[in-house]
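Engineer: what follows is a protein structure lacking sequence information:
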């Protein structure tokens, strides 16, 4: 068991908040601080905090779900997973990359996140995991960013729990998708709400347009991404497919 020099206090089960409003209280050195669960800059800056809250307390298993589905589809084709060159988009502090490495055994894993603290946390907690890690905003793709990613000859895109809630905008997702060659593997998760009539992120429209056209879906699954602070399951979809052609950038 890890030892921390802080204590986390959670709201009561009666706390009914939307996912992007959830918060915890951190007690350290006699001081208390309220931290939103989507304040990634703060969560990543404190060693072990993200893992303790999201994975241990709230039982997140999205990386395992996505990696197992991707591995299963790769094995069906008899292609070699060892030849996989993956872009982990919204890589955070490296938990998904670690899962890709352990469960699939990729040739190359490249991380991208918009938060500088994500790179710092990955370097601190999982040094050497990524072959390259970039802090960049891919909703504004330019020649320099494109060249940085193109040199890796990526043939797979993985993004876990990063679509919607203003994390990865639709334009950034489409820009990255269109960097891949046809035939590339694509695996991602998205909250059930963002595929429904309640969607306010734009993902419902673009994903429905892509599926069966620019993207062939090989497997999809509704599953519990993690628990909410009130103990309710947060349902997401995991989708694995292959790129047919570039998508229209909306």
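Structural biologist: Perfect, I can see it now. What you see is a predicted model, and the numbers here were worked out from it, not measured in a lab.

Engineer: tell me the spacing between residue 114 and residue 57.
Structural biologist: Distance from residue 114 to residue 57, counting by C-beta to C-beta, to the nearest Å: 25 Å. All C-beta atoms are positioned from the backbone trio N, CA, C, and that covers glycine.

Engineer: who has more neighbours out of these two?
Structural biologist: Using other C-beta atoms under 10 Å, the more surrounded residue of residue 114 and residue 57 is residue 114, with 18 against 15.

Engineer: touching, that one and residue 145? I think so.
Structural biologist: No - taking C-beta atoms under 8 Å as the definition, residue 114 is not a contact partner of residue 145, at 11.9 Å.

Engineer: intersection of neighbour lists for the two?
Structural biologist: Shared contacts of residue 114 and residue 145 (C-beta atoms under 8 Å, 6 or more residues apart in numbering): residue 136.

Engineer: give the burial count for residue 197, as a bare number.
Structural biologist: 6.

Engineer: tell me how many other residues crowd residue 21.
Structural biologist: Residue 21: 12 neighbours (other C-beta under 10 Å).

Engineer: off-centre distance for the longest helix seen in the chain?
Structural biologist: Taking DSSP state H as the criterion, the chain has its longest helix at helix 62-77. Distance of helix 62-77 from the chain centroid (C-alpha atoms, centre = their mean, to the nearest Å) equals 15 Å.

Engineer: residue 91 in helix, strand or coil?
Structural biologist: When classified by DSSP: H, G, I helix; E, B strand; the rest coil, residue 91 comes out as coil.

Engineer: skipping its backbone neighbours, what lies nearest it in space?
Structural biologist: Leaving aside its sequence neighbours, residue 91 sits nearest to residue 111 (C-beta to C-beta, 6 or more residues apart in numbering; 3.3 Å).
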